[in-house]
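Novice: I would like to see how this sequence folds:
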Amino acid sequence: MLENLFHLKENKTDLKTELMAGLTTFMTMAYILAVNPSILSAAGMDGSAVLLATALASFVGCLAMALMANYPFALAPGMGLNAYFAYTVVIGRGYSWQIALLAVFVEGLIFIVLSLTNVREAIFNSIPATLKLAVSGGIGLFIAFIGLQNAKLVVNSDSTLLTYQTFKGENFHSIGIAAILALLGVLITGILLVKKVKGGILFGILITWVLGILCELVGLYVPNPDAGMYSVIPTGLISFNFSAIGLTFGQVFTADFGAIKILEFITIIFAFLFVDIFDTLGTLIGVASKADMLDKDGKLPRIKGALMADAVATSAGAILGTSTTTTYVESASGVTAGGRTGLTAITTGLLFLLAAIFSPLFLTIPSFATAPALIIVGFYMIANVVKINFEDPSEGIPAFLTIAVMPLAYSISEGIAIGVISYTLLNLITGKAKDKKINWLMYVLTVLFIMKYIFL
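Specialist: You can find the predicted model right below:
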């Protein structure tokens, strides 16, 4: 049955290899089970519900990828997009998390339509490579910035807006110790990654958490609820009570439509769409090339099935109660371990489903333990910046503005807007637009973004 479904022999793999590859992929991306509830709870969502939605959405996405495309790529709620959901749409724009889920759901539906055609690939090709790389780098800085804040390493300042944590004062045994543990967590995670330990990010979270537990047991770390610092000692290990999912499941359809500003809502949907398109296609091509899955023309066979799986997972995730579900670059770890078929993806998905039982454990993990993961993920995403041609100001300036605006304006969409506007106008005014063959879509986006700033 497995042979007929996944064509193991044809893909030069076997059951044992696929199962181990699926486990490897899960280990490298399981950190999302701790990080996603931490981020989305900032938007007012229930942490238990988000964790269950994260596990279920990941399972649905992996299952869809296996059955629709037979690829070893795993899916889960995406980093960056969850930060945009919580910190820009809900906290920044003042929308309810139900409306934010509606934006994700609509984005997923648009994805489904685009995935049935070649439009999605056409959109991807119309955006200059410079901006694609800059968006990735900007999101990396944005995520790392959030990690530094969650770790209490970067705090508010009356004189400079932000400043670094001072490791003294009455809150030393709560906020101060947490910040120190977060720094140790970054160091530990970095060491694990340098040593190429599989699941290094997940192990970094767990080791930092254990250090926090030890600090609390000896009295070095003292919980202080008034400062947002809670006990890190788990009170439960497993739970078969999944009723919390009812707090988010289907809430996308209860959004207050009267509170929606149409033009701004379209901008929000586009930001989700924009990032997801480049994240998904970039991940698919990148991981597939590592597995030698691309054809002689450098294209990925059955890419429509893979894109459709991503689109379906996004809409399903919104219904369950989580931000955009997308293909994970950590899938490369499973591919490196020999995964070549959808059986790898299904294995990863089943492990996510099983992880839902351990929700009490994941929910006890403190933000200072997950913060190092955000900082390290930011490091991975900023790596693409080295491919940008900063020697050419018409390429480098828009890229720099895109990267700088995202963390400084606390908004991924603002970074995208400034990047698109500056790239188009700079090249148009200097006469470089024709040589660079700027796509008509870039002109349309530039006009729409300018209108947004004028009328919103």
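
Novice: C-alpha only now, for contacts and for neighbours.
Specialist: Noted.

Novice: what about the chain, any weak spots by pLDDT?
Specialist: Scanning the chain for pLDDT under 70 picks out 120-121, 124-125, 286, 289-291, 297-299, 456.

Novice: Next, please give the residue ranges for the strands of it.
Specialist: Ranges of strands in the chain, per DSSP state E, are 75-77, 154-157, 161-164, 325-327.

Novice: Make CSV out of these and add mean neighbour count and distance to Leu131.
Specialist: Conversion of those to CSV gives the following (neighbours: other CA atoms under 10 Å; distance: least, CA to CA, whole Å):
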stretch, mean neighbour count, distance to Leu131
strand 75-77, 30, 23
strand 154-157, 14, 28
strand 161-164, 12, 28
strand 325-327, 30, 20
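
Novice: Tell me which of those lies nearest to Leu51.
Specialist: strand 75-77 (10.5 Å; CA to CA).

Novice: Name the residues that touch that closest one?
Specialist: Strand 75-77 is contacted from outside by 32, 36, 54-55, 57-59, 61-62, 310, 313, 317, 322-328, using CA atoms under 8 Å, 6 or more residues apart in numbering.

Novice: ditto for stretch 4-16
Specialist: Outside of stretch 4-16, the residues within contact range by CA under 8 Å, 6+ apart are 2-3, 70, 338-343.

Novice: and that stretch, how far from the chain's centre?
Specialist: Using CA atoms, centre = their mean, to the nearest Å, we find the averaged C-alpha position of stretch 4-16 to lie 30 Å away from the chain's own average C-alpha position.

Novice: Quick one: distance of the longest helix belonging to the chain to the chain centre.
Specialist: The helix that spans the most residues within the chain, counting by DSSP state H, is helix 262-290. For helix 262-290, the distance between its averaged C-alpha position and the chain's averaged C-alpha position is 11 Å (CA atoms, centre = their mean).

Novice: Point out the other helices and strands that that helix packs with.
Specialist: When contacts are defined as 3 or more CA pairs under 8 Å, 6 or more residues apart in numbering; DSSP states H and E, helix 262-290 packs onto helix 81-83, helix 97-115, helix 119-126, helix 129-150, helix 303-320, strand 325-327, helix 331-336, helix 412-429.

Novice: In it, which residues are buried?
Specialist: Judged by neighbour count (16 or more other CA atoms under 10 Å), helix 262-290 contains these buried residues: 265, 267-285, 287-289.

Novice: any chance of the helices and strands packed on helix 262-290 in TSV, plus distance to Tyr453?
Specialist: As requested, the helices and strands packed on helix 262-290 are arranged in TSV below (distance: least, CA to CA, whole Å):
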stretch	distance to Tyr453
helix 81-83	22
helix 97-115	20
helix 119-126	23
helix 129-150	20
helix 303-320	28
strand 325-327	29
helix 331-336	38
helix 412-429	10
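
Novice: deepest of the ones you listed, which one?
Specialist: For the helices and strands packed on helix 262-290, the largest average neighbour count (mean count of other CA atoms under 10 Å) is found in strand 325-327, namely a mean of 30.

Novice: List of residues touching that strand?
Specialist: Strand 325-327 is contacted from outside by 57-58, 61, 73-78, 276, 279-280, 283-284, 310, 313-314, 317, using CA under 8 Å, 6+ apart.

Novice: 6 Å - rerun?
Specialist: Contacts to strand 325-327, defined as CA atoms under 6 Å, 6 or more residues apart in numbering, come from residues 74-78, 280, 310, 313-314.

Novice: Mind picking the two most distant members of the residues you listed?
Specialist: Ala74 and Thr314 (13.1 Å).

Novice: Between helix 97-115 and the longest helix of the chain, find me the angle.
Specialist: Orientation check (axes from the mean of the first three to the mean of the last three CA atoms, to 10 degrees): helix 262-290 against helix 97-115 gives 60 degrees.

Novice: that older thread, quick check: PyMOL command selecting the buried ones in the contacts of stretch 4-16.
Specialist: Entered in PyMOL, the line below selects the buried ones among the contacts of stretch 4-16, by 16+ other CA under 10 Å:
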select buried, resi 70+338+339+340+341+342+343
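
Novice: would you turn the contacts of stretch 4-16 into TSV with distance to Gln165?
Specialist: Putting the contacts of stretch 4-16 into TSV (distance: CA to CA, whole Å) gives the following:
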residue	distance to Gln165
Leu2	54
Glu3	56
Asn70	48
Gly338	44
Gly339	44
Arg340	46
Thr341	47
Gly342	46
Leu343	46
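
Novice: what's the closest of the contacts of stretch 4-16 to Gly305?
Specialist: Once CA to CA is applied, the member of these that ends up nearest Gly305 is Asn70, at 8.6 Å.

Novice: Find the nearest non-adjacent residue to the closest one, please.
Specialist: Computed as CA to CA, 6 or more residues apart in numbering, the closest residue to Asn70 that is not its neighbour in sequence is Gly342, at 4.1 Å.

Novice: Double-check that neighbour against Phe73; I have them as touching.
Specialist: No - contact criterion CA atoms under 6 Å: Gly342 and Phe73 do not qualify, at 7.5 Å.

Novice: Spatially central residue for this protein, please.
Specialist: Geometric centre of the chain, nearest residue: Met79, 1.4 Å, by CA atoms, centre = their mean.

Novice: what's the distance between the closest residue to Ala34 other than its chain neighbours and Leu281?
Specialist: Spatial nearest neighbour of Ala34, excluding adjacent residues (CA to CA, 6+ apart): Phe362 at 5.5 Å. Using CA to CA, to the nearest Å, Phe362 is found at 30 Å from Leu281.

Novice: what's the answer for Leu247, then?
Specialist: 32 Å.

Novice: same check, this time on Thr17
Specialist: Distance, Thr17 to Leu281, using CA to CA: 26 Å.

Novice: and what of Gly199?
Specialist: Taking CA to CA as the measure, Gly199 and Leu281 are separated by 24 Å.

Novice: Next: Lys132.
Specialist: Lys132 is 11 Å from Leu281, where distance means CA to CA.

Novice: what do you get for Thr325?
Specialist: To Leu281, Thr325 is 14 Å away according to CA to CA.

Novice: likewise Phe449?
Specialist: For Phe449 relative to Leu281 (CA to CA), the value is 24 Å.

Novice: With Asn384 instead?
Specialist: For Asn384, the distance to Leu281 equals 15 Å [CA to CA].

Novice: swap in Thr336?
Specialist: When CA to CA is applied, the distance between Thr336 and Leu281 equals 19 Å.

Novice: go on, Glu330?
Specialist: Taking CA to CA as the measure, Glu330 and Leu281 are separated by 14 Å.

Novice: Can you dump the C-alpha atoms of stretch 79-89 in PDB for me?
Specialist: Listed next in PDB are the C-alpha coordinates belonging to stretch 79-89 (Å, rounded to 0.1, in the frame of the first residue of the first chain):
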ATOM      1  CA  MET A  79       7.600  32.500  11.600                       C
ATOM      2  CA  GLY A  80       7.400  36.100  10.600                       C
ATOM      3  CA  LEU A  81       3.800  35.800   9.500                       C
ATOM      4  CA  ASN A  82       2.700  35.000  13.100                       C
ATOM      5  CA  ALA A  83       4.600  38.100  14.200                       C
ATOM      6  CA  TYR A  84       2.900  40.200  11.600                       C
ATOM      7  CA  PHE A  85      -0.500  38.700  12.700                       C
ATOM      8  CA  ALA A  86       0.000  39.600  16.300                       C
ATOM      9  CA  TYR A  87       2.200  42.700  16.400                       C
ATOM     10  CA  THR A  88       1.100  44.500  13.300                       C
ATOM     11  CA  VAL A  89      -2.500  43.600  12.500                       C
END
